[in-house]
Every structure is written in structure tokens, then in C-alpha cells.
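Novice: based on what follows, work out the 3D shape:
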Amino acid sequence: MQELLRFFGADPVLVDVGASAGAPAIWETIAPLSTYVGFDPDSREMSSSADGDFRRTVIVNEAVTADPGAADVRFYLTRSPYCSSTLEPDSASLANYHCSELFVVERRASVRAATLDAILARLEIARIDWLKCDSQGTDLRIYRSLSERLRQDVLALDVEPGLIDAYRGEDLFVDAQKHLVANGFWLSRLDVQGAVRVRGATLQAAFPGQPDAAALAAQAIRTTPGWCEARYLRTLESMAEAGATRERYALLYVFSLLDQQPGYALDVALEFETRFGADAWSARMRAEALSRIHNPGRHAALARARKWAGRLAKMLRPAEVK
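Specialist: Numbering: from 1, shown residues only. Reported below is the predicted structural model:
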């Protein structure tokens, strides 16, 4: 994948809105050739794991807003920094779940904010190739706020829309699915997450004085769907309509392999060959996709080996060895 990106000069721009957990592991393979831009105004859990891994790393402690006229926004800092949002938690809805205390607002703050267009212009970054958006309720509106040019450049999109009303006025999965499929994407991955449906007051009444009642409930009761992690990839029809270049097809091919979609990668490789002619690279693209289809276990094992080798290399960097 790195050879392919180098040949075509396809240097990925990876934008992470809601980066408190650090850069997504799926980007590790292409990190040395990529620009990483991470956003999170709640820096209590900001990870520095991206530092040194990417060709260029920019961390912005600033809120992303869909409102081009807003210079700052109200930010709700919750007990868990992973639940902080520019939207107010819906306490009435959340009260039905044992994890509601994570969403308790500890303080409100006015934080500096700007649109992605404005921030990227300030950073002199001209496009977004893969956008991961975990803004706690505003993922779709942030994507839709992008200029048409930036929207067309996005080849992969990760969002975490809700299935329940965790925040007031949040974008739900049904909204995201309808809009994105109608505008050049297909749903490649959907991982449903959730929480235990039981009220905190119920636990207190049933287990008086027992501090681990919530932990007991989490172990004994299956989770109820609450939100999902969805990944969308650009369709070939949309690529053709936009007149995508060889570089863009190569980048979509790499993203497809990263997302473990060798069938779609093969689609992209054949479309590449049809549009630009057969050459050594189109043959390699086709062969790699076929290899992953025929030997899925081998490639999964190699991916795990590369992952752990990378982590070991970080641990043994010369500057850190005593």
C-alpha cells in the first residue's frame, strides 16, 4: 500500500474530529505518508500517540462547528471526557440507562470554534481524504457544512451517530444513512454499541448501599443498542461523476484494503484499469486484492504482526532506550 501511494504521490490527509482517544489504529499502515489533523476541545484525555508516527501531525484544541458565523460555541464538559459535546446531554432520555452518570455536565465552557473549511484553510491543507467524525451528536451536520469541493474529496467517512436521544437535537443514524447513501457513499461497516437499560434509581433501590451495583448490572444484563460506529466509502459511480484522477482511485483502493474490503478493492482496480488502461500497477492492484480474497487468514496474520512490530518499535526508539 505504501509503494502504491508513493508511486502516485497520493499523500493521504486524515482528519480526526473528536480525537481524545488518539488516532484510529486503522491508519497505522499509511501513517508515515499521511498528514494527521486531530481536533478535541476537551483535552483532558488528549492522546499524543500520533506524534512521530505520521509524516505531519497537527493537534487542534478547538471545537469544530457547522456554523460559519460562530467564533466560539458552548461546550458541555461531562464527567467522562468522551461524552463532552457542543450539544447538551438529554438527561431525561439518558436516565433510563445505567451509564447516565458519564453524561453528567460538570461545567460549561465557551470554547473557540470554527468550521473545518476555515481551520484547514488556516493550516493550508487543501483537502480531506478520510474524515473520522466523533463529535457526540453533530457528525452529519459537520460533514454537510464542508464546502462542495471538500465534500467531493472525502473518500472514506467514519461517523458515530446515535440510535437513542443521548443529546438534545443530535444527528441520528437514520439521518446519516439516508443522506450519505444519497450523496455518493455506501455503508461498508456498522458496529452497533450500547449500554444497559436500567435506571440508576432502580439499581439504588434494588441494591441499597452497594457501590458496585452499576458494574454488576453491566456484567449481568445484555446491552441495548445506543449508538453505532459506521464507515462509508465513496462509490465508483460518484468517482466517475467527479472525474476522479488515477491518484484518487489508487487512494480509494488503499482505503478499501485497510477496511478489509478486498472485493471492493478489486472493483476499484478493474475500474482503474478500464479508465486509465492496463499497466504494471493495475496488475499489482488486481493481484493484491485477489490474494486477500484467496488467503484472508494469511493477510490478517500479517496485519497483526505489522501492528505489534510497530508498537515494539515505538517502545524501543533509540532516544528512549536507557
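
Novice: the stretch 1-150 of the chain: helices as residue ranges?
Specialist: 2-8, 91-94, 116-123, 139-145, 148-153 (DSSP state H, counting those that start in this stretch).

Novice: between those helices, which one is closest to Ala220.
Specialist: With CB to CB as the criterion, Ala220 lies closest to helix 91-94 of the helices of the stretch 1-150 of the chain, at 20.4 Å. No exception for glycine: its C-beta is placed from N, CA and C like everyone else's.

Novice: related to what we said a few turns ago, redo the helices of the stretch 1-150 of the chain as a markdown table? Include mean pLDDT and mean neighbour count.
Specialist: As requested, the helices of the stretch 1-150 of the chain are exported to a markdown table (pLDDT from 0 to 100; neighbours: other CB atoms under 10 Å):
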| stretch | mean pLDDT | mean neighbour count |
| --- | --- | --- |
| helix 2-8 | 93 | 15 |
| helix 91-94 | 92 | 15 |
| helix 116-123 | 94 | 16 |
| helix 139-145 | 95 | 21 |
| helix 148-153 | 94 | 16 |
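
Novice: find the nearest non-adjacent residue to the residue nearest the centre of the chain, please.
Specialist: Nearest residue to the geometric centre of the chain (CA atoms, centre = their mean): Lys132, 2.8 Å. Once flanking residues are discounted, Lys132 sits nearest to Asp158: 4.0 Å by CB to CB, 6 or more residues apart in numbering.

Novice: and the next helix or strand past whichever strand or helix holds the one you found?
Specialist: Applying DSSP states H and E as the criterion places Asp158 in strand 156-159. Moving toward the C-terminus from strand 156-159, the next helix or strand (DSSP H and E) is helix 173-181.

Novice: buried residues, the next helix-or-strand element following that following helix. List them.
Specialist: Note on helix 173-181: by DSSP H and E, the next helix or strand toward the C-terminus is strand 185-195. Neighbour-count burial for strand 185-195, with 16 or more other CB atoms under 10 Å as criterion, is recorded at 185, 188, 194-195.

Novice: ok, then the element right after strand 185-195?
Specialist: In the C-terminal direction, the helix or strand that comes right after strand 185-195 (DSSP H and E) is helix 200-206.

Novice: any idea how far that next one is from the middle of the chain?
Specialist: Remark: helix 200-206 is offset 35 Å from the chain centroid, using CA atoms, centre = their mean, to the nearest Å.

Novice: what is that helix packed up against?
Specialist: helix 213-220 (3 or more CB pairs under 8 Å, 6 or more residues apart in numbering; DSSP states H and E).

Novice: and the angle for the helix it packs on with strand 185-195?
Specialist: Helix 213-220 runs at 120 degrees relative to strand 185-195, counting by axes from the mean of the first three to the mean of the last three CA atoms, to 10 degrees.

Novice: render the CA-only coordinates of whichever helix or strand comes after helix 213-220 in PDB, please.
Specialist: Using DSSP H and E, the helix or strand that follows helix 213-220 in sequence is strand 224-234. The C-alpha trace of strand 224-234 is given here as PDB (Å, rounded to 0.1, in the frame of the first residue of the first chain):
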ATOM      1  CA  THR A 224     -29.200  -2.200  24.400                       C
ATOM      2  CA  PRO A 225     -28.300  -0.500  21.100                       C
ATOM      3  CA  GLY A 226     -27.500   3.100  21.800                       C
ATOM      4  CA  TRP A 227     -25.100   4.300  19.100                       C
ATOM      5  CA  CYS A 228     -23.100   2.900  16.200                       C
ATOM      6  CA  GLU A 229     -19.800   3.200  14.500                       C
ATOM      7  CA  ALA A 230     -20.400   3.500  10.800                       C
ATOM      8  CA  ARG A 231     -17.900   3.600   8.000                       C
ATOM      9  CA  TYR A 232     -18.700   4.800   4.500                       C
ATOM     10  CA  LEU A 233     -16.700   4.500   1.300                       C
ATOM     11  CA  ARG A 234     -17.100   6.600  -1.900                       C
END
